[in-house]
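*Asks:* Give me a model of this one.
(2 chains)
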Amino acid sequence: GNSVTQMEGPVTLSEEAFLTINCTYTATGYPSLFWYVQYPGEGLQLLLKATKADDKGSNKGFEATYRKETTSFHLEKGSVQVSDSAVYFCALSDDPLSGTYKYIFGTGTRLKVLA
Amino acid sequence: KAGVTQTPRYLIKTRGQQVTLSCSPISGHRSVSWYQQTPGQGLQFLFEYFSETQRNKGNFPGRFSGRQFSNSRSEMNVSTLELGDSALYLCASSLGRRGGPETQYFGPGTRLLVL
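*Replies:* Purely as a prediction, here's the structure:
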């Protein structure tokens, strides 16, 4: 079945450091890929998405590129801020033609940014 | 446009009791999904409702049930509560279109504590 694997956390960085959080997936067909962020005590917020191969999703300085050849969707940011401290979830949505409409989430990666 | 709302935000129950959680989706969204989030198991899919019908189901016991009303609002019920049911329960809504990529939007969650 479909699955999402993301790097274990926590990830601790200094402010202005470069961030990469790795995410790889296993899926049949052409799923859509997402990054969600969860701040303490809150629900998940959509950060960015990509719906087809080579698409780049971007938002608030974060970027991720849908790489079908490596089945990856790594999250990057050039300069993190303390306010980016949160848990980041990689997710995929089944190929719409599959008819199952399921979302599958990774285990989440906690990011802590130090001033 | 109002976001996904969940009520109540916090609940304390005792073992053996039952609980009902409510979710109001974004206007125009017809699909509602429920997830359980715990520190040990991460984000686990419970079920998804579309047009008052359960369309997908995760691997949870029959004590967990749900329903959706004609206005797309959804309720989730857990009967005979166990200590392990303590979790953050998240609701997400989406358009529910067939044949197109779907983006889920999450509510703030209901935090359930079972004593």
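
*Asks:* backbone phi and psi for the residue lying closest to B:Gly28 once chain neighbours are set aside, please?
*Replies:* In this structure, B:Gly28 finds its nearest non-sequential neighbour in B:Leu95, 7.0 Å apart by C-beta to C-beta, 6 or more residues apart in numbering or on different chains. Yep, even glycine has a C-beta here, placed from its N, CA and C like the rest. Per-residue torsions, B:Leu95: phi -60, psi -40 (degrees, to the nearest 10).

*Asks:* any weak-confidence spans in chain A?
*Replies:* Scanning chain A for pLDDT under 70 picks out the ranges A:95-101.

*Asks:* Would you map the strands across it?
*Replies:* Counting by DSSP state E, chain A has strands at residues A:3-6, A:11-14, A:19-21, A:23-26, A:32-38, A:44-50, A:56-59, A:62-65, A:75-77, A:86-93, A:103-105, A:109-114.

*Asks:* Using JSON lines, lay out the ones you listed together with distance to chain B and mean neighbour count.
*Replies:* Output for these, formatted as JSON lines (distance: least, C-beta to the nearest C-beta, whole Å; neighbours: other C-beta atoms under 10 Å in any protein chain shown):
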{"stretch": "strand A:3-6", "distance to chain B": "10", "mean neighbour count": "18"}
{"stretch": "strand A:11-14", "distance to chain B": "16", "mean neighbour count": "14"}
{"stretch": "strand A:19-21", "distance to chain B": "15", "mean neighbour count": "17"}
{"stretch": "strand A:23-26", "distance to chain B": "14", "mean neighbour count": "19"}
{"stretch": "strand A:32-38", "distance to chain B": "4", "mean neighbour count": "25"}
{"stretch": "strand A:44-50", "distance to chain B": "4", "mean neighbour count": "20"}
{"stretch": "strand A:56-59", "distance to chain B": "11", "mean neighbour count": "15"}
{"stretch": "strand A:62-65", "distance to chain B": "15", "mean neighbour count": "20"}
{"stretch": "strand A:75-77", "distance to chain B": "17", "mean neighbour count": "20"}
{"stretch": "strand A:86-93", "distance to chain B": "5", "mean neighbour count": "24"}
{"stretch": "strand A:103-105", "distance to chain B": "4", "mean neighbour count": "21"}
{"stretch": "strand A:109-114", "distance to chain B": "11", "mean neighbour count": "16"}
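
*Asks:* Sounds good, over and out.
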